[in-house]
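**Q** next input, structure requested:
(one chain, ligands or ions: 1)
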Amino acid sequence: MRFPEDVPVLTDGVVTLRAHSADDIDTVFEMCQDPVMQRWTTIPVPYLREHAVGFLTEQIPAGWRENTGWSWAIEYDGAYAGTVGLHDGEGGVGEIGFAVGPAVRGQGVMTRAARLAVRYAFDELDWTRVIWRAFVGNWASRRVAWKTGFRDLVTIPDGGRARGVREDEWVASVSRGDELEPQGNWWTVPVLEDGGVRLRRLRETDARRVQEACSDERTQYWLTGMPSPYELSDAEKFIAGETAGQASGRVVSWAIADAVSDELLGNVSIFDLDNRFDPTSGEIGYWAHPDARGRKVMTTAVRLVIAHAFTPIADGGLGRRRLVLHAADGNTASAHVAEATGFTLVGTERLASPRRDGTHNNLLTFDLLQTDHATDPPAKTI
Ligand SMILES: CC(C)(COP(=O)(O)OP(=O)(O)OC[C@H]1O[C@@H](n2cnc3c(N)ncnc32)[C@H](O)[C@@H]1OP(=O)(O)O)[C@@H](O)C(=O)NCCC(=O)NCCS
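**A** Next up, the predicted model:
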């Protein structure tokens, strides 16, 4: 193809993809000074003006001329907003890469541009699959990929490389014929508040309190799946894992915090939300910091999440029909929370709960149906 004459202009009426021109050099140079751009992409750091010149006047035109790379300038609101490109398409499977400037982020510009580029890959380049890759932690990029229909996300430890340094990488893909729409739920974590406790999302700064709570003798005794000893790095991994689980539709996990000091008092979660056989059920799990025990914190927290679980998805809830809760036989405090929040003991699974010494406890199974709960007053959502 000739550059720029043969570069197709693609538009959805809001965002337009067009050939880059030398007029974009200053904006690209400026955009690449952005720390977010430098953190999540493989651009040279420090980024010099000559890098922008080489990118726009050599690298991108060569891609189009040699049929090896297809990059467009993203035009939004009458100005250059960023770049989206397709590359490495040998054998009909290739990759997408993208970036937009800080001023336009969060307005859906990238998602629109990505959708146009992916359609071009399937319809004009005859690709059968488009791959998206991002460094782990690049949530904005992951969200764009999810909204554009990328699926089957996996994490590859040390799978990515920027400026000679290996980093963990997320990889997902979309194939020809797939809907370019989100697959599965990306749950949000609403703030729920009642009786002096506030349920909110877990933050990295909660790690120390998580470590304290999970190192506690009683927690360690009953929750045998927890690492022992429980290090600060385990707490950090837990927080990151719950956040990732929300994005993949598996779990919603809250920090139970003191409504005044905001200090973490425990954790409550609803997990198994993506159960293949029954996507209308969920399981409740929890633990409390020793500071917070004996003052109805967990009962209050579980009541709040039950109400959220049974609220229809269209109204911002989880649309559950049934909740289940397990407690090792003998864990009186946990069984008490289950009963106090309306759960029914429906069975005892024999020797189903491992102890750390290799022996097993019986496991109590409680359940709660939406129809049991329907008459309870709704929890307060803020
Ligand atoms: C990734 C990037 C291109 C997204 O551009 P954008 O125009 O903001 O994208 P969109 O507005 O279409 O979508 C971004 C979504 O991420 C969400 N988001 C942003 N930060 C987030 C975070 N920390 N956690 C969760 N979601 C986040 C936004 O809310 C938005 O979702 P919504 O529309 O459902 O609210 C932009 O952030 C960027 O240029 N980053 C630097 C370069 C880069 O990372 N490129 C990708 C390399 S793989």
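
**Q** can you pull the residues of this structure lying near the ligand?
**A** Residues of the chain lying close to the ligand (Cβ under 6 Å from any ligand atom) are 36-37, 40-41, 98-100, 104-111, 134, 138-141, 143-144. No exception for glycine: its C-beta is placed from N, CA and C like everyone else's.

**Q** got any ranges where this protein has weak pLDDT?
**A** Applying pLDDT under 70 to the chain flags residues 374-382.

**Q** in strands, which of the residues of the chain next to the ligand fall?
**A** Counting by DSSP state E, the part of the residues of the chain next to the ligand found in strands is 98, 99, 100, 134.

**Q** list the beta-bridge partners for the third one.
**A** It stands for residue 100. residue 82 (DSSP bridges).

**Q** what do you get for the last one?
**A** Counting by DSSP bridges, residue 134 forms beta bridges with residue 170.

**Q** so what's it up against?
**A** Residues near residue 134 by Cβ atoms under 8 Å, 6 or more residues apart in numbering: 40, 141, 142, 145, 160, 169, 170.

**Q** hmm, try it at 7 Å
**A** Residue 134 makes contact with 40, 141, 142, 169, 170 under the criterion Cβ atoms under 7 Å, 6 or more residues apart in numbering.

**Q** re earlier: for PyMOL, what selects the buried ones among the ones in strands among the residues of the chain next to the ligand?
**A** Of these, the buried ones go into a single PyMOL selection, burial set by 16 or more other Cβ atoms under 10 Å:
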select buried, resi 98+99+100+134
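
**Q** and the helices in the stretch 1-150 of the chain?
**A** 25-31, 35-40, 49-54, 60-66, 109-123, 139-147 (DSSP state H, counting those that start in this stretch).

**Q** now the second one, how far from the centre of its chain.
**A** Between the centre of helix 35-40 and the centre of its chain there are 19 Å (Cα atoms, centre = their mean, to the nearest Å).

**Q** in this structure residue 88 contacts residue 97, no?
**A** No. Look at residue 88 against residue 97 with Cβ atoms under 7 Å: they stay out of range, at 9.7 Å.

**Q** looking at those two, which is more packed in?
**A** More neighbours surround residue 97 than the other of residue 88 and residue 97, with 20 against 13 (other Cβ atoms under 10 Å).

**Q** for burial, what's the neighbour tally of the closest residue to that one other than its chain neighbours?
**A** Spatial nearest neighbour of residue 97, chain neighbours left out: residue 85 (5.2 Å); criterion: Cβ to Cβ, 6 or more residues apart in numbering. Other residues near residue 85 come to 19 when the count uses other Cβ under 10 Å.

**Q** what of the one 5 residues further on?
**A** Neighbouring residues of residue 90 were enumerated by other Cβ under 10 Å; the total is 7.

**Q** want to throw the helices of the stretch 1-150 of the chain into TSV with mean neighbour count?
**A** Shown next, in TSV, are the helices of the stretch 1-150 of the chain (neighbours: other Cβ atoms under 10 Å):
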stretch	mean neighbour count
helix 25-31	18
helix 35-40	15
helix 49-54	15
helix 60-66	17
helix 109-123	21
helix 139-147	20
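
**Q** mind checking which of those helices is nearest residue 230?
**A** Ranking the helices of the stretch 1-150 of the chain by distance to residue 230, with Cβ to Cβ as the measure, places helix 139-147 first at 26.0 Å.

**Q** nearest to the ligand: which residue in the stretch 201-350 of the chain?
**A** Residue nearest to the ligand within the stretch 201-350 of the chain (Cβ to the nearest ligand atom): residue 247, separated by 7.5 Å.

**Q** report the contact partners of that residue.
**A** 142, 186.

**Q** what's the answer for residue 85, then?
**A** 69, 70, 71, 97.

**Q** pull the most distant pair out of the residues you listed.
**A** Taking Cβ to Cβ, no two of those sit farther apart than 70 and 97, at 10.8 Å.

**Q** how about the residue nearest the centre of the chain, phi and psi?
**A** In the chain, the residue lying closest to the centroid (Cα atoms, centre = their mean) is residue 247, at 2.8 Å. The phi and psi values for residue 247, taken as degrees, to the nearest 10, are phi -70, psi -30.

**Q** and the gap between it and residue 259?
**A** Taking Cβ to Cβ, to the nearest Å as the criterion, residue 247 is separated from residue 259 by 27 Å.

**Q** again with residue 289
**A** Plainly put, residue 289 is 15 Å away from residue 259 if you go by Cβ to Cβ.

**Q** give me the more crowded residue out of the two.
**A** Each of residue 289 and residue 259 has its neighbours counted (other Cβ under 10 Å); residue 289 has more, 20 against 14.

**Q** and the more buried one, what does it touch?
**A** 209, 212, 213, 264, 265, 266.

**Q** for these, which one is nearest residue 373?
**A** Set against residue 373, the nearest of the contacts of residue 289 by Cβ to Cβ is residue 266 (22.0 Å).

**Q** who's in contact with the closest one?
**A** Neighbours of residue 266 in contact, by Cβ under 7 Å, 6+ apart: 213, 256, 286, 287, 288, 289, 292, 297, 298, 301.

**Q** that'll do, ta.
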